[in-house]
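1. Just to be clear, the model below is a prediction. Sequence and coordinates:
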Amino acid sequence: MEIDDLTPAEQRVWRAFPRGEAVDFREPDDPGHADWGPERTVRAEVLRALLLNGPQRDGEIPALSLAGARVTGRLDLQYATIDPPVRLRHCLFEEPPRCYAARLRELNLSESVLPGLVAHSVQVDGALRMTRSRFTGTVRLGGAQIGGSLYLESARIDAPAAEEPVLQLNQSAIGADLWAPGLRTRGQIRLNGAGVAGTVNLNEARLGHPEHAALDAETLTVEGDMLVRHAEVEGWFGLRGARIAGRLDLTYSRLSHPGATALRASSSAIGELWLRKSPAMEGALNLRRAQIDVLFLEPESVPEQVLLNGLVYSSLTPQEPAERRLPMVERDREGYVPHAYEQLAASYLRIGDERAARLVRLAKERRHRTTLPWYGRLWGHVQDATVGYGFRPLRAAAWLLSLVAVGSVVYGVRPPRALKAGEAPEFNPVFYTLDLLVPVLSFGQEAAYGPRGWYQWLSYVLVVTGWILATTVVAGVSRSVSRQ
């Protein structure tokens, strides 16, 4: 392309390129850029010619630095290797730029308006900046290799009618941070298989894709933190199989996917998961088979339905009484999940709160009782009433003392007759009652005396009750020993 073929606006850009100088078509009194006339219009083919074979000047570093321009036509850089940095800020693009499999040193599209971006498998040695950019179509960055950070803070991607994800970063590799606080999207974000060497920042983001995936990040790998504070997510938030070395922070955030799962983090490995200072998510919390070092979960943030089977966590904070933690495991959508109770009990044992651990395991036995047939439930009620499934052994002693007192009073008022007069030992109502109650003891009273009438029926009740108490105590002790 000859320079004589260029418009005055394009000539400015052409002359500034070899020296790396910036060209800004914006006017101080035109912050909205409402006037996109020919004096600020540049053809995409001119920009392509500069980047592929632009003029050079000895001792100068060329760069395309353009602001406030209207770019007509398609900027097609696919498969190209671009050495000069590309900075196209505050620009209006008529067509989506195409950078498929291109290699660039730096790409800056901040504060520009674009109908989309096609950049599958692009390689950017430095940073890719799209700060406060506005997209009316899909942004395709699948398989991108970005050596520095990807900046999307306060960017807007509004393509609700798109059948594909509006922001595609699947299988991409980001050498530093994915920095997107204040990001606004209407449609799905796809991060499947992506890797981020630094932090993912989605603080104050607004992600909207009702009844579908707002963010699908299956097998995402984050070496730092994933911050989603003060965010609003409509649609499900997916982290199945993700690996987050640092903290997944959902503090003050609202997740909404009514009638289905709001947060899917099954089979994930997370350093710390923070669910605090936020309303209970609308939808289920799925942490099945997840491995979490620190689970920072406030009871008020637990939704009405959870999926916790296979969840393993080392620490549960903040420290709360067992009564406030139990509703979390009792809301499991799968029903009775023994593993969830054992994990909660183990977390209390690690901090030395044995009382809370006993309460959790007692609740586990009671929940298990509801899954048994009628005769199992009946025997469970007996064990619960007598010894609290072995967690409240003093209850058996209270029953025993009460029955001894009743029997001693009744048989003390009306002693039973001796079976063999002159051979029976002196009657003692206390030891006679103990003989009836305790199967393994014998004081010689029960064999020597025989009550009549309803006193005989009382003796039968004491004998049966004694056997029931003995059996439940043995069952409770056996259960406690097996747990140890």
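-> Nice, thanks for sending it over. Since the model is a prediction, treat every value here as computed from it, not as a measurement.
2. number of nearby residues for Ser408?
-> 17 (other C-beta atoms under 10 Å). No exception for glycine: its C-beta is placed from N, CA and C like everyone else's.
3. any idea what it is structurally, helix, strand or coil?
-> helix (DSSP: H, G, I helix; E, B strand; the rest coil).
4. Check it and give its pLDDT.
-> Here the pLDDT value assigned to Ser408 is 71.
5. So it is in contact with Phe431, correct?
-> No. Judged on C-beta atoms under 8 Å, Ser408 makes no contact with Phe431 at a distance of 9.1 Å.
6. Tell me which residue is most central in the protein.
-> Nearest to the mean C-alpha position of the chain, by C-alpha atoms, centre = their mean, lies Ala265 at 5.0 Å.
7. where does the stretch 301-450 of the chain have low pLDDT?
-> 379, 382-397, 399-400, 411, 417-419, 421-424, 436-437, 439-449 (pLDDT under 70).
8. Could you do the stretch 151-300 of the chain as well?
-> In the stretch 151-300 of the chain (pLDDT under 70), the answer is 160-162.
9. Name the strands paired with whichever strand or helix holds Arg247 and say parallel or antiparallel.
-> Element membership for Arg247 (DSSP states H and E) is strand 243-249. Strand pairing for strand 243-249, determined by DSSP bridges: strand 221-222 (parallel), strand 226-227 (parallel), strand 269-275 (parallel).
10. among those strands, which is nearest Ala69?
-> strand 226-227 (34.5 Å; C-beta to C-beta).
11. contacting residues around that closest one?
-> The contact list for strand 226-227 (C-beta atoms under 8 Å, 6 or more residues apart in numbering) reads Thr199, Val200, Asn201, Leu202, Asn203, Ile244, Gly246, Arg247, Leu248, Asp249.
12. ok, for the fourth one, nearest residue in space, not its chain neighbours?
-> With C-beta to C-beta, 6 or more residues apart in numbering as the criterion, Leu202 has its nearest non-adjacent residue at 4.7 Å, and that residue is Val228.
13. same thing with the first one?
-> In space, Thr199 comes closest to Gly224 once its chain neighbours are excluded; the distance is 4.0 Å by C-beta to C-beta, 6+ apart.
14. Out of the strands paired with strand 243-249, which gets nearest to His212?
-> Closest among the strands paired with strand 243-249, using C-beta to C-beta: strand 226-227, at 20.9 Å.
15. helix or strand right after the closest one?
-> Counting by DSSP H and E, what follows strand 226-227 is strand 232-238.
16. Sheet partners, orientation included, of that following strand?
-> Partners of strand 232-238, by DSSP bridges, with direction: strand 206-216 (parallel), strand 254-264 (parallel).
17. Mean neighbour count and distance to Asp24 for these - can I get that in TSV?
-> As requested, these are exported to TSV (neighbours: other C-beta atoms under 10 Å; distance: least, C-beta to C-beta, whole Å):
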stretch	mean neighbour count	distance to Asp24
strand 206-216	19	31
strand 254-264	20	40
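18. For Leu287, find the nearest of those strands.
-> Of all the strands paired with strand 232-238, strand 254-264 comes closest under C-beta to C-beta, at 8.1 Å.
19. What would that closest one look like as PDB? C-alpha coordinates only.
-> Output in PDB follows, covering the C-alpha atoms of strand 254-264 (Å, rounded to 0.1, in the frame of the first residue of the first chain):
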ATOM      1  CA  ARG A 254     -25.200 -13.900  45.600                       C
ATOM      2  CA  LEU A 255     -25.600 -17.000  43.600                       C
ATOM      3  CA  SER A 256     -29.000 -17.800  42.100                       C
ATOM      4  CA  HIS A 257     -30.100 -20.900  40.200                       C
ATOM      5  CA  PRO A 258     -33.500 -21.800  41.800                       C
ATOM      6  CA  GLY A 259     -34.600 -25.400  41.500                       C
ATOM      7  CA  ALA A 260     -31.200 -26.700  40.500                       C
ATOM      8  CA  THR A 261     -27.600 -26.500  41.600                       C
ATOM      9  CA  ALA A 262     -26.200 -23.000  42.100                       C
ATOM     10  CA  LEU A 263     -22.500 -23.900  42.900                       C
ATOM     11  CA  ARG A 264     -21.000 -27.000  41.400                       C
END
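20. Nice, that's everything, thank you.
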